[in-house]
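Colleague: this one's structure only:
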């Protein structure tokens, strides 16, 4: 199986890449535009059997343990919409786009691939945002509209492109912080990266048996 491992930044997967050389690696950069551009460019050069995106994420659930590793079963572009007087309306709720037009299913980018079974970690709902902030209003808007478990800045880009190109994919994340908490002394980035790379190694080993 020819696998491409992608991440927004090199440190997020450095423990894995330092110990493994049998998997192609692509550092896409932070955010949706950079992820889509660099990933699209690469898959036009190489035909991959599977693309794995790994990285850290923020959790909406204050009961989650920082460092917890999860797989994303569905994602979306959460801040694509209109905000008026403190009220946020996602684009699909405005009638400007069909929530069931491929590759969307009820507004979500779903991963139904059998490869998800190879990681024995919780399967979660994620959103992708362009702006990470400490705004309680923004947090509540996302909770109300999406009821997601985690947020990242690149996940939906992976789902969107791979669904469009019919390429199997996996998004694996580790929780480094709680959404809205900008005091980085409370973040657990080191632990999140350690746990992420441990599960990533197990996953890749299972996939390449």
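Modeller: Done, it's in. Remember, predicted model here, so these are calculated numbers, not experimental data.
Colleague: Flag the shaky bits of the chain, pLDDT-wise.
Modeller: Within the chain, not a single segment meets pLDDT under 70.
Colleague: quick one: residue 61 from residue 179, how far?
Modeller: Per CB to CB, to the nearest Å, residue 61 is found 9 Å from residue 179. Placement of C-beta: from N, CA and C, glycine included.
Colleague: Compare the two (neighbour count), which wins?
Modeller: Counted by other CB atoms under 10 Å, residue 61 and residue 179 do not tie: residue 179 has more neighbours, with 26 against 14.
Colleague: Excluding chain neighbours, give the residue nearest to that one in space.
Modeller: residue 58 (4.3 Å; CB to CB, 6 or more residues apart in numbering).
Colleague: do residue 149 as well
Modeller: residue 124 (3.9 Å).
Colleague: Let's verify the one you found: helix, strand, or coil?
Modeller: Using DSSP: H, G, I helix; E, B strand; the rest coil, the secondary structure recorded for residue 124 is strand.
Colleague: can you pull out the helices in this structure?
Modeller: For the chain, the helices defined by DSSP state H cover 14-19, 32-43, 136-146, 155-165, 189-207.
Colleague: Need the residues that contact the shortest one.
Modeller: Helix 14-19 is contacted from outside by 5, 10, 25, 54, 193, 194, 197, 200, 201, 204, using CB atoms under 8 Å, 6 or more residues apart in numbering.
Colleague: Thank you kindly, that will do.
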